[in-house]
Structure formats: C-alpha cells, structure tokens
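Visitor: Fold the following.
(chains A, B, C and D)
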Number of protein chains: 2
Amino acid sequence: MTKRATIKSIAQDLGISHMTVSRALSNHPNVQKETRETVLKRARELGYVKNAAAKAMRGDITGIVGLLLPNIVNEFYARFANAMAHACDENSYHLIIHLTNDDPEIEQQALERLREVQAMAVAMVPTPGTSASDVNSFGSMKVIQLIRQTPIKVPSASILINDHDAISNAVVELAKKGHTHIGYIGADTQLSTGRARLSAFMDGIREAGLKSENQLIYTKSPSFKMGQESAKDICTQKKATGLICGGFEISTGALSTLMENKLSPHTDVCFIGYGDPSFFEWLDGGISTVRLPVDRLAHETIELIKPPWEEATASTTREKKFDADLIIRG
Amino acid sequence: MTKRATIKSIAQDLGISHMTVSRALSNHPNVQKETRETVLKRARELGYVKNAAAKAMRGDITGIVGLLLPNIVNEFYARFANAMAHACDENSYHLIIHLTNDDPEIEQQALERLREVQAMAVAMVPTPGTSASDVNSFGSMKVIQLIRQTPIKVPSASILINDHDAISNAVVELAKKGHTHIGYIGADTQLSTGRARLSAFMDGIREAGLKSENQLIYTKSPSFKMGQESAKDICTQKKATGLICGGFEISTGALSTLMENKLSPHTDVCFIGYGDPSFFEWLDGGISTVRLPVDRLAHETIELIKPPWEEATASTTREKKFDADLIIRG
DNA sequence: ATGAAAGCGCTAACAC
DNA sequence: GTGTTAGCGCTTTCAT
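Guide: Got it, this is the predicted structure:
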C-alpha cells in the first residue's frame, strides 16, 4: 500500500478542484451530474475512504461509542456487549470496548482515552471504588451508567435492573417449599447493587415470616471465587438448606461448589442463581434463577445513545429500571 | 461542558506560545523546568487531553485495533475478545469490535469503517463467503486472519488451530470404548475449517479400523440449531452410539438435544464436544471435548500487532498453528 | 457550477 | 529555551 487517496489527490488526478470532489462525494447538489460520476468512479478505483480524523477535527461527531465493562467472559456482559455491538453496527457507530476489571484506575484511564478519540458517548458499569466522578473524566461525552450507579458530576442517564421483587420472591418460594434456613451470598454494601439485593433478600425473609440469621449471610467483594468459598462454607457446615445468590459470578461460583461436591441444587441445597447463563437450563433438570433482561437493557442503552442528544440527555439525571424475573426450574 | 482545552487555549491562558505547551506536554527536553510545571498544572486543571484526531492527521499511528468476530456470545469468541481487550488496554491500544454475523457484506462494511478511522491493524475471523479479498478493503491495515483462512490480496498473518490430531484421536478413543458407529456433525466444506475437521474425522475412522458411514456424517452451515437438529436425527434414529462435533455452536446445540431428551452424553450417546465452555466441566460428570488454546491464540495475535510492524508483517503471508487438546472427562 | 481561502489541533522544522 | 510557520484532510464561507 502506497498512500491513501484523498480528495486532493483525486482532484489533482482529475485536474479539478478538491472542492468539487468533496461536493461530489458528499452528494452536494451543486455538481454537474457528469462530473460527479467521474469523481465517484475514480474514487472507487483508488479505494478512497473518508478520513475520519479530518472530519473529527472539523467538529463532526466521531460516531465512537465507548463501552466499559468489568469483563466480557461473564455471559451476562458478553450478551450485553453482543447486543451493543450489533446495534452499533446497525447505526454505523464504532464500539470501543475497554475492560475495567472493576479497577477504578483502569476505568479512569479508559475514560481518558475515549476522550482523546472524542467518543460521543460512553456506556459503563461503574467500578465499585469511587473513581471518575470528576467532570474532567467525561468531557462532553454522554454518560450512561449501567447496572450500578455512582454519583458523578455530569448529567448522566442510568439503566438499572429492578431485581427486588425477583429476589424477595425467591425467598418466599423457598420458604413455601419448607426451607427455614436460607443462605444468601452477595456483593458487599460498597456496591449500590450489593445493598439493594441484600435488602431485597431481607424483605423476602420478613415477608416469608422467617427470622433472619446473620451467619447465613455472606457479603464480600463479588467474584467467582467468593461464591465458591461462601458456598463451601454453607455446605460443609450444613448451615442452610436453601441458597440464594445476588450476583452473576457469585452464582456460578457457588454452583460450581455444589457440582464439585455432588450436591443437587434441588434436593440437597435448594439453589436459586443470579443471571441466566445458557447452561442453567440443562444442568440437573434446570437451575432456578433470577433472570436479567439483558436485551432490553442493551436496547435501551442504544436508544439513549442515538440522537437527538439534547433531548435524551436533558439537564438532569435520568434513571430507568427494568424488571428481573424469577425463573423456577426443576 | 463548554469547550475542550487545547494546547493553544492553554498557551493563551498562560501567555506563552502553543509550541512551548506542546513541548512541555510531550516531555521535550527544551523546556524550562519551571515552565513545564506551570503548563502541566494548568493542563490538569483544565482537564486537557490530547486530540487523537489531530495527531492522526499528522500521520501518527492511531493505536486503533479492529476485531471482527461472527458474534461474541459464543464463549470461545467471548474469551478471545476478552483476552484481546485486556492486551489492548495494557498496550494502550483501542479495541474496536465489529460483529459480522458471518455476513460478508457486514464484514466489508466494518473493514471500510476501520479504514476510515485509520485502524493500524485488524484481526478477523473471515466470513465463509468470499468477500473482502480486494486490496482496497484493507488499505494499510495489518491483517491477521483468525481460525479460518481465506486468500486475500494483501500480506497477512494467520493464526490457526491445529485440531487434526485432537479430532482423529477422539474417534480412536471412542473406538477403544467399543463404539463402531460414530457420528460426526460439522461445518460444511465451504469453510476451510469445515474441510479440515471432516478429514481429521475420516482419518480417525481409518486409523481406528472402522468403516466410514456417510449417513452418520452431517455437514451444513454451522449453527446451534444445525447442531440440535443433526443430533436429533442421530438420536431418534439411533444411528450411532458415539458422536463427535466439529464446531463450537454445533457442539452446544447437539448437547442441548441430548439434555432435552435425557440422554446421557456418556452412556447413551458417547459425546465429544468442540471447544470448552466452562459448564462442560460440571455437566453430568464432565463433558469430553476438543479444547481450543484460546489464550495462546489471543496472546499471539497481540504479539503480531505490536511493533515492529515491518518485521512482523514481512512481505509474505505467515501462518501459525496452535494445537487443540482432546480432553476426556467422566 | 466551480474554485480559493481559512481553520479545526497538533508537531517537525526552522528561526532567534 | 522559546516562538513562528506550515501542513496533515476536510468542509464552510465567500467569491467568481
């Protein structure tokens, strides 16, 4: 590859002004039909593509959308990213994905880099640690907070999950089946979602007329490992006959402990997971779970990103919640 | 947000030349220590970030890396994307993901858009249909073909999986257990991988001293559904007692048929999947499978993307293969 | 209908 | 050590 074609190089090649080329390529009316066709033909031959950087410098929107996720192997995030990527392709946006690992520093860095390329919007699952609350972190990017919510200094929209009822109903459901000692594994209260899910669990306990037992409640920084270990504790000490999880990775972690120890998630420790990875349906007759409305979340995110910005962003913070469902299987 | 700070605005603010600001911000030696500190401080205050577009216009590399995948819910691709995203963050690249859905047109479009933003490299799983073989599709982007290989008109590197031995060993392994009627579900021969895996299967049949039975071989455009349906056919007609899959989605599809019909992947139809999604380990005592070296693939991709380009790209097409392993479980 | 000039933000190459 | 100029590719504005 030698050098890319530019409107100037095409103009020179054709012996006309680069402005005529520009107009021809952008369908401006003031071009002779014949001229336009010549230009278009030559442009195609030379493999011309517009220079996004040059346009960006003139203040045109870049069409770059940032997506900040903790990771993407988690099937919930993967499906979200998948939906976002599709929607972006459909709307001719560029989706730049950065993985934060839930590390505020990486998050901060990713935001800065997105600002460098003048991303028009960023959809992000905020990291637990308070990080990028500064105005300077976002510049003029439209901010959409996903799943979790953290106070930031720019107007932002939030797309959240309302899992309260699904979780408290899970408790009630277990209670109906005769379980009186129900364990809970979830994120710690540093996370907004951790707080919310725990209190949903407690509400369920109350609603079911059970008494709350602190030693059955495990809250820590959420991870696969944390789920595994908490579940191991519950199982080996036979503290509980029912178990509810308040986090995706926690849930798969806890389930793996059950599988490893050949404990049935139905008869041994009645298990209710969080999120609905595809294999839940096949495992041991189906795993009960709190199902999250992934596609609706992604769809709504894209709708917010699409213009008209002014309207969507307004001046105040907006919030939208989507209901999770309790799915009982087996 | 009013307007972003630029070196000029900072210069004006400080009453100095914008070049001094530029030099200060890029650690050029020819700046008074004191001046530099003043500049850095003010820049921080004003939330200055460099303008990537302006730099790109000057010919600096953009640090944008494109990744074209059929989709990203497939755990194999998700893990690949995850590894790539991490590696890109580490090396300060921007990862732009486009999902092709295995549609040549979408692929073509994605490539053009990557060219617009002057992506420095693109790693792609080529779509089955011959699409973007043109030079103009790639411009000066470094091209890395993943998993599949298609002839293109620019020098490109290929990162492939060598699953021949794993697949033929799978046949031998089943034969050892006494299976004489072994089914195969895989991609059709339009895909390079489809051809290769089928012939690996046939080699295995030969090696095991079995005779090949065409009615046990299913090849079509690969998908979850295709796997489901082929498996249903095999199961309901009781054609085979062993089943080997030659594709990730096919494999999960076929497995779902087994689970739905309460057929054990060990005792009813001895099953060997393709790819190793995390749940394989837990399902029914563990699912045997051909495991793909995802992390090594991603790692190698990044190594190829990193400079020095000239060296890595050379003038000829390069190819690197990574071995898949046969994992027998249960 | 076409062209010329200016400027977006940045840095290499020159002054001084 | 600091400042000035020019130019990357493009479009808006103002001639012609």
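
Visitor: what residue ranges in the stretch 51-200 of chain A score low on pLDDT?
Guide: A:130-133 (pLDDT under 70).

Visitor: Beta-bridge partners for residue A:157, please?
Guide: residue A:144, residue A:318 (DSSP bridges).

Visitor: pretty sure it is touching residue A:149, no?
Guide: No. Assessed by CB atoms under 8 Å, residue A:157 is found out of contact with residue A:149, at 10.4 Å. Bear in mind the C-beta positions are built from the backbone N, C-alpha and C, glycine included.

Visitor: what is in contact with those two at once?
Guide: Both residue A:157 and residue A:149 are contacted by residue A:319, under the criterion CB atoms under 8 Å, 6 or more residues apart in numbering or on different chains.

Visitor: Neighbour count for those two, which is higher?
Guide: Shown here are residue A:157 and residue A:149; by other CB atoms under 10 Å in any protein chain shown, residue A:157 has more neighbours (23 against 18).

Visitor: In space, what's closest to the residue of the stretch 51-200 of chain A at minimum distance from chain B - neighbours in sequence excluded?
Guide: Per CB to the nearest CB, residue A:136 is where the stretch 51-200 of chain A lies closest to chain B, at 3.1 Å. Counting by CB to CB, 6 or more residues apart in numbering or on different chains, residue A:136 lies nearest to residue B:47, which is 3.1 Å off, once chain neighbours are set aside.

Visitor: got it, and residue A:173?
Guide: Closest to residue A:173 by CB to CB, 6+ apart is residue A:328, at 6.3 Å.

Visitor: okay but that neighbour is in contact with residue A:172, surely?
Guide: No. Between residue A:328 and residue A:172 there is no contact under CB under 8 Å: 11.3 Å.

Visitor: Could you pull up the contacting residues of residue A:8?
Guide: A:18, A:21.

Visitor: Skipping adjacent residues, who's closest to residue A:319 in space?
Guide: residue A:158 (4.6 Å).

Visitor: Would you check that the one you found makes contact with residue A:301?
Guide: No. Contact between residue A:158 and residue A:301 fails when scored by CB under 8 Å: they sit 10.5 Å apart.

Visitor: got any residues that touch both of the two?
Guide: With CB under 8 Å, 6+ apart as the test, residue A:158 and residue A:301 both reach A:144, A:146.

Visitor: ok, these two, which is more surrounded?
Guide: Neighbour count, other CB under 10 Å: between residue A:158 and residue A:301, residue A:301 has more, with 23 against 20.

Visitor: beta partners for the nearest residue to the more buried one once chain neighbours are set aside?
Guide: The shortest distance from residue A:301 to any non-neighbouring residue, by CB to CB, 6+ apart, is to residue A:123 (5.2 Å). For residue A:123, the beta-bridge partners are residue A:67, residue A:144 (DSSP bridges).

Visitor: from what I can see residue A:123 touches residue A:87, true?
Guide: No. Residue A:123 lies out of contact with residue A:87 (CB under 8 Å); the separation is 10.7 Å.

Visitor: And what about the residue of the stretch 51-200 of chain A closest to chain B, helix, strand or coil?
Guide: Under the three-state scheme (DSSP: H, G, I helix; E, B strand; the rest coil), residue A:136 adopts helix.

Visitor: that older thread, tally up the residues packed near the residue nearest to residue A:136, please.
Guide: 17.

Visitor: separation between it and DNA strand D?
Guide: When distance is defined by CB to the nearest atom of the strand, to the nearest Å, residue B:47 is 22 Å away from DNA strand D.

Visitor: and that residue, what is it in contact with?
Guide: A:134, A:135, A:136, A:139, B:4, B:5 are the contacts of residue B:47 under CB under 8 Å, 6+ apart.

Visitor: Make sure I have this right: the fifth one is in a helix.
Guide: No. If the criterion is three-state DSSP, then residue B:4 is coil and not within a helix.

Visitor: how near is it to DNA strand D?
Guide: Counting by CB to the nearest atom of the strand, the gap from residue B:4 to DNA strand D is 16 Å.

Visitor: which non-adjacent residue is nearest that residue?
Guide: residue A:139 (6.1 Å).
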